[in-house]
Structures are given as structure tokens and as C-alpha cells.
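Student: Okay, structure incoming, though there's no sequence with it:
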């Protein structure tokens, strides 16, 4: 719940003025997606430069109906979005979304032609109890069939690992911890019938910023980022993209 209409327009103007941050972005080898508050989806989709896609922060599991306050995937597509989050940690925490509901949302997004970004992650208490892998296995296991369908459809799906204890706290999992968890998720995907490791991108989303992004992106199995607070400022967002894609000077990380 950040930014107002004028802010969204100014953000889009800043991105347009800066231009694509690197050849990998302009050549569509790297996807850049913004997930604005839903009331500004169509504004963002219209205002953003063509190298920036727009996604929804949430999607309802059903295909329209009497679900006051919710948004259907077809409405999201109609507003100009092409991506959708499912199971963000704040939705799981504040709205009690279960693994099954997250899977249904991801399926609805995929069926409507959206690229689903399925969020998984453990709380601090779960990590302290050494339950990280069990929690992630349950969350990921619920959506394996959706991820397989996405790969088979050529749409591709995305998993975002959000260590809940590192969101909005200023803490970040060390590159070693993040790489270890991403490796576990990749192995779990590859263990599914047919293997999903090659067709599913795994993003890291835990207080990513310009100071830690290069070290993180250079680690095995980290394919990109789900950026939170650092994306509110377009200059900060652009710098992270440049650093992560090796277009800010220096060698490719």
C-alpha cells in the first residue's frame, strides 16, 4: 500500500528517462516487473516504458463472482498486467492463506495467462526450530503441479523465496544461507516428475538492496530478486537492476 497516482506517474517517467538499464534488459533476457497497488494497475501498465511489465500483488482463486474486495485474474489481465503474486508472506500472515489456497490462486493466474510468482518462506520461529526445509517443502509441494503446467505451457513460473524474518527488518539472509536454501528448492523442483529445475526461476526476496544484490545474484540457484522497500525509489530500483545485470560498470557478477 505505497504511492499515489502522481507518484506512479513520476516513477514511470523516471524509468522512461533512464532507459533500459543494460542490454540484457532491452534484449528481454532479464524481466523487470513492478507490482503496484491494484487500484493503479491500469495506470502503471499504460505509463511504464515497454521494458517494464506490470503484475498484481494478489489474485483471487475463483473466476469472478460474489467475492467483494477481491480481484479476478481476468480483470487483472484486462487492466494490462501480465504477472501475479501468489502467497506473499504478508498474505499468508495477515489473511491466513493456506498452501492449498495459494496453489489455487497460482492455478487461476496461470489459466488466465498470467505468469504466477509463488512466494515461499519461513518465519524466524520456524528457522530457530530448524523447520525451514519442512516448511518450504510443504509450501512448494502444494504448487508443484501448477509449476509443471506453467512449464509445459511455455509460460514459465517463478518461485520467490522470502525468509519472513528478513522482510522489512533490515536483515538479510547471508549469501551463503540464501544459496543453500535456493539449492534445496532447486533440488526439490528437480525431484518432481519430469524435473522443474530448468523451467522455474527462483528469486530471492529478503531485504535486497544495492549493497547486497551483486553478492546474492552471483550465488548458485539465485535467478533474480523480489525487491521490497528498495523498489519504492526508482533510482534505487534502477541501481539494483544495473548492479545485478553487470551494467553498472565492472564485470558481470
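Tutor: Now that the structure is in, tell me what you want to look at. Please read all numbers here as calculations on a predicted model, not as lab measurements.

Student: who does the least confident helix or strand in the chain by mean pLDDT touch, helix- and strand-wise?
Tutor: Sorting the helices and strands of the chain by mean pLDDT, DSSP states H and E puts helix 144-153 at the bottom, at a mean of 87. Packed against helix 144-153, as judged by 3 or more CB pairs under 8 Å, 6 or more residues apart in numbering; DSSP states H and E, are the following elements: helix 99-111, strand 115-120, strand 157-161, strand 200-204. Backbone N, C-alpha and C define where each C-beta goes, glycine included.

Student: now the angle between strand 115-120 and the first one, please.
Tutor: Translated: helix 99-111. 160 degrees (axes from the mean of the first three to the mean of the last three CA atoms, to 10 degrees).

Student: quick one: helix 99-111 to strand 157-161, angle?
Tutor: Going by the same axes, to 10 degrees, helix 99-111 makes 140 degrees with strand 157-161.

Student: Helices of the protein, start to end?
Tutor: 5-18, 23-26, 41-47, 73-78, 89-95, 99-111, 124-128, 132-141, 144-153, 175-190, 213-217, 234-244 (DSSP state H).

Student: quick one, what contacts the closest residue to residue 196 other than its chain neighbours?
Tutor: Nearest non-adjacent residue to residue 196, counting by CB to CB, 6 or more residues apart in numbering: residue 189, 4.0 Å away. Contacts for residue 189 were tallied using CB atoms under 8 Å, 6 or more residues apart in numbering; they are 140, 144, 147, 159, 195, 196, 197, 200, 202.

Student: export these to a markdown table and tack on distance to residue 232 and neighbour count?
Tutor: Below are the contacts of residue 189 laid out as a markdown table (distance: CB to CB, whole Å; neighbours: other CB atoms under 10 Å):
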| residue | distance to residue 232 | neighbour count |
| --- | --- | --- |
| 140 | 29 | 22 |
| 144 | 33 | 17 |
| 147 | 29 | 24 |
| 159 | 24 | 27 |
| 195 | 37 | 13 |
| 196 | 32 | 22 |
| 197 | 32 | 15 |
| 200 | 28 | 24 |
| 202 | 24 | 20 |
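
Student: for those, which one is nearest residue 47?
Tutor: Set against residue 47, the nearest of the contacts of residue 189 by CB to CB is residue 159 (28.8 Å).

Student: my read: that closest one touches residue 185, true?
Tutor: Yes. Residue 159 lies in contact with residue 185 (CB atoms under 8 Å); the separation is 6.3 Å.

Student: what do the two both touch?
Tutor: When contacts are counted by CB under 8 Å, 6+ apart, residue 159 and residue 185 are jointly contacted by 120, 140, 202.

Student: The last one: what's it in contact with?
Tutor: By CB under 8 Å, 6+ apart, the residues touching residue 202 are 158, 159, 160, 161, 182, 185, 186, 189, 221, 222, 223.

Student: Can you tell me how far residue 86 is from residue 112?
Tutor: From residue 86 across to residue 112, the span is 12 Å (CB to CB, to the nearest Å).

Student: Find the residues that touch each one of these two.
Tutor: Contacts common to residue 86 and residue 112, judged by CB under 8 Å, 6+ apart, are residue 59.

Student: got the contact list for the closest residue to residue 67 other than its chain neighbours?
Tutor: Leaving out its chain neighbours, the residue that sits closest to residue 67 by CB to CB, 6+ apart is residue 60, at 5.7 Å. Listed by CB under 8 Å, 6+ apart, the contact set of residue 60 reads 67, 70, 71, 72, 73, 105, 108.

Student: Before I go, just wanted to say thanks for your time.
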